[in-house]
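A.B. asks: kindly return the folded structure for what I paste below:
(chains A and B)
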Amino acid sequence: MIEVNKLRKSYGDFLAVKEATFSARPATVFGLLGPNGAGKSTTINCISGLLKPTAGTVTVSGFNMASDAVRAKASLGIVPQELAIYDDLSASDNLSYWGAAYGLRGSKLKERVTHVLDRIGLTDRAGDLPKTYSGGMKRRLNFGCGLVHEPKVLLLDEPTVGVDPQSRERLFDLVGEEKAKGTCVLYTTHYMEEAERFCDELAIMDHGEIIAAGTIGELRAQVGEKDIIQLSGTFDVASMQKVIHQMNADVLVLNDNSVMIAITEGAANLQTFLNGVGSTGATIRDTRLSEPNLESLFLKLTGKDLRA
Amino acid sequence: MRFVFVTAWTNLKRRFNDPGGLLSAILVPSAVGFLLASVMGGSGGPSIRAHLLVTDLDESFVSQAILTVLGTDQVADMIALEKVTLEEGARRLNEDEGSAHLVIPQGFAVAWLEREAVELPLTVNPAQTVSPKLIREMLDAMLDLGDYLHKVFKDELNIIAKGVQSGQAPTAIPALSSDIAAKVTAISGLVFPPVITVQDVTPKPQGLSISMALLMFPGILLMAAFFSANNQSSNFWIEKEKGTLARWVASPNTFFAFWTAQWFTAMALTAIAAAPIMLAGFIYLGISFEKYFAALAWLTLTGPILFALLTLVQVLAPSRKVGSMIAMLIMFPLLMAGGSFFPVETMPEFIGAIANYTPNGRVLEPMKSYFIGEYGASGLFEHAGSILVVAVSLLFVAGRLSFRKALV
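C.D. replies: Sure thing, here's the model as predicted:
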């Protein structure tokens, strides 16, 4: 449904996306996970035709975005990161307009507008101007404008940024519904929890590069089955290496300010490990124990926190 | 194409939902028009009529003849004549109570009869432009007439001059009369109307005089078109900032369709803003309502050249703020030079010449001529072609330049 092959996008000397290659299938949610500035939005803008790639190809629903843009775009629905709605048009008129932009008309258009208004929970406020809406309501309308024409491919660029928990849950439901209908959803986020919750497949991006890709299971396996212990504070690296070796743990990250290890029976071994760290004269500010997840994978791959 | 109209209709809905810009396009020109009408007085304002103050220090039959000619009905329609003393004339001109002050000096008649150099001092009111010009032209024509009289009646005038210098009536009056009669008969075939005459049967507008208010009226309509154009031209930046322009680019519609829709919107907004002002003006000035729809169609069709121009400015600008600022910097001088604030007829000639090269001037002047009755509706629309070619070219360039900016 989406095929991205050796996609490159540069701005002068700055390479925003480096040879990105991935594909997303129908009825799946494909996640692009990465910190701010990783190149996710640039990638999604190339896929949507908003940016012309420097090199590489993008195919949507079998249509090449460069040579058959009209048909490629016709099968796309877009939910941009920034709100893209008319503040001076009612929710109903916004949906009607963007539905018409994709060729819907007459009773079909009305039916879709009514349906989407219901799905995004704005039926009661359909006639009001969005400038009277809360931030979450605007986000939901922004979402609705992207799917009113029932696209085969839905691009969601950080759709939950700045959204209240109630609206976020509603948006999650909508993503689930679209997937169940057979839509191919490309979802960019820097929230690891969202990616783990929805995405059937993921590509993790950093500095414009895809540094890991696969299903959630495949990616977790790269971290291993061991639990993760993360410490922040002030550490002596040489002393810490000895303590970690004695605990029979794997080093994921080790520097003056942070330590991350993979260890079996993390909960049972935590106190022993902390005692060992304490004996090196280290100062511990924060301790975290977790099961292996995408964030720890990102830390392992890049040596930095995904939320940084 | 259907979506072009959907977009234009949606743009209009947006304007109605947030009507500040549209209201300003109607209210500002209306307020200017109302103020001008108040200043000009009621009933469409007075016709342009010069007020000539004359001091006759000669009190001769020649000076009387000049005053008689200036007082004839045909001339009196254009020039109101008032005899004043030398001091009163100077004072009243200073107080802006006249267009010009003409002094016929003592000895004028003798000098004219003797064909000696003589000056007719004319002081014009610098606060007025049209009326003094009218007086100058009329006096020039009279001086030419005097010259011709001299050429035809040279001998007779010499006899009269001698009589005037001696203070006695010419002795050979019967012979003089006979000579004049003979010459008049001889040249009557040349100066009196021929048997075959051309009769102008073009219906003249009933009761419509060329008043200052009428001259200003098309300018006020153009002002409405300008305000509408300015509002709509900034829509490019609004859509870009809102992200809706990016949504459009990501949709299967062409960018050409986007600009076509903007053009239609500009046309509709021009019509909406101008229609009530035009209606009020027609009622106030007594213009025939037969001209209403043609005039509105003209403005709707050609007025968006201003939208095209301002859009190009906006697209070339690095930001919405800079674009709006430059648009304003361009708009007000164009309003001035194009005859929207002051009629071209009241401007110095060089500015009047510039007006013809401004986009608003190109739209305004044919409409004014149509109102005055210089030509009919078909004549009006003969001027549309060149305006539309320029407008579409400007918009095409703006559209091409905007594509890169439309992308994220």
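A.B. asks: only C-alpha atoms from now on, for both contacts and neighbour counts.
C.D. replies: Will do.
A.B. asks: list the buried residues in the helix or strand encompassing B:Met325.
C.D. replies: Per DSSP states H and E, B:Met325 falls inside helix B:320-337. Within helix B:320-337, the residues scored as buried using 16 or more other CA atoms under 10 Å in any protein chain shown are B:Arg320, B:Gly323, B:Ser324, B:Ala327, B:Met331, B:Leu334, B:Leu335, B:Met336, B:Ala337.
A.B. asks: which stretches of the stretch 201-308 of chain A form helices?
C.D. replies: A:216-223, A:237-246, A:266-279, A:294-302 (DSSP state H, counting those that start in this stretch).
A.B. asks: and the stretch 201-350 of chain B, by the same measure?
C.D. replies: Using DSSP H, counting those that start in this stretch, the helices of the stretch 201-350 of chain B run over residues B:212-233, B:235-242, B:244-250, B:255-285, B:292-302, B:305-316, B:320-337, B:349-355.
A.B. asks: to A:Val251, which of those helices lies closest?
C.D. replies: helix B:244-250 (45.4 Å; CA to CA).
A.B. asks: is the closest one in proximity to chain A?
C.D. replies: Yes - Helix B:244-250 is in contact with chain A by CA under 8 Å from any CA of the partner chain, via B:Thr244, B:Ala246, B:Arg247, B:Trp248, B:Val249, B:Ala250.
A.B. asks: any idea which strand is longest in chain B?
C.D. replies: strand B:50-56 (DSSP state E).
A.B. asks: keep the buried residues of helix B:320-337, but drop any that are not near chain A.
C.D. replies: Counting by CA under 8 Å from any CA, no member of the buried residues of helix B:320-337 is near chain A.
A.B. asks: which of these sits closest to chain A?
C.D. replies: Minimum separation from chain A among those (CA to the nearest CA) is found for B:Arg320, which lies at 17.4 Å.
A.B. asks: touching, the closest one and B:Asn231? I think so.
C.D. replies: No - with contact defined as CA atoms under 8 Å, B:Arg320 does not reach B:Asn231; the gap is 12.0 Å.
A.B. asks: let me see the mean pLDDT of stretch B:91-102.
C.D. replies: The average of the pLDDT scores along stretch B:91-102 is 84.
A.B. asks: close to chain B, is the host helix or strand of A:Thr114?
C.D. replies: Using DSSP H and E, A:Thr114 maps to helix A:106-119. No - Helix A:106-119 stays out of contact with chain B when judged by CA under 8 Å from any CA, the minimum separation being 12.5 Å.
A.B. asks: pLDDT of the helix or strand just after that helix, averaged?
C.D. replies: The helix or strand immediately downstream of helix A:106-119 is helix A:135-147, counting by DSSP H and E. Averaging pLDDT along helix A:135-147 gives 92.
A.B. asks: repeat that for stretch A:252-261.
C.D. replies: In this model, stretch A:252-261 has an average pLDDT of 89.
A.B. asks: could you do stretch A:70-90 as well?
C.D. replies: When pLDDT is averaged along stretch A:70-90, the result is 92.
A.B. asks: any stretches of chain A with poor pLDDT?
C.D. replies: A:223, A:303-308 (pLDDT under 70).
A.B. asks: kindly state the beta-bridge partners for the spatially most central residue of it.
C.D. replies: In chain A, the residue lying closest to the centroid (CA atoms, centre = their mean) is A:Thr189, at 2.3 Å. Counting by DSSP bridges, A:Thr189 forms beta bridges with A:Leu33.
A.B. asks: roughly how far apart are it and A:Cys199?
C.D. replies: Computed as CA to CA, to the nearest Å, the A:Thr189 to A:Cys199 distance reads 11 Å.
A.B. asks: what is the helix or strand following the longest strand of chain B packed up against?
C.D. replies: Where DSSP H and E defines the elements, the next helix or strand beyond strand B:50-56 is helix B:61-70. Secondary-structure packing of helix B:61-70 (3 or more CA pairs under 8 Å, 6 or more residues apart in numbering or on different chains; DSSP states H and E): helix B:108-113.
A.B. asks: could you tell me the least trusted of the helices of the stretch 201-350 of chain B?
C.D. replies: Note on the helices of the stretch 201-350 of chain B: helix B:349-355 shows the lowest mean pLDDT, a mean of 79.
A.B. asks: can I get stretch A:145-159 in CSV, CA atoms only?
C.D. replies: Extracted in CSV, the C-alpha atoms of stretch A:145-159 (Å, rounded to 0.1, in the frame of the first residue of the first chain):
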residue,chain,number,x,y,z
CYS,A,145,-11.0,16.0,7.7
GLY,A,146,-8.3,13.4,6.9
LEU,A,147,-10.6,10.4,6.8
VAL,A,148,-13.9,11.9,5.6
HIS,A,149,-13.3,10.5,2.1
GLU,A,150,-12.5,7.0,3.3
PRO,A,151,-8.9,6.9,2.1
LYS,A,152,-7.1,3.6,1.5
VAL,A,153,-4.0,5.0,3.1
LEU,A,154,-4.1,7.3,6.2
LEU,A,155,-1.1,9.4,7.2
LEU,A,156,-1.1,10.4,10.8
ASP,A,157,1.7,12.8,11.7
GLU,A,158,1.9,13.0,15.5
PRO,A,159,-1.9,13.2,15.8
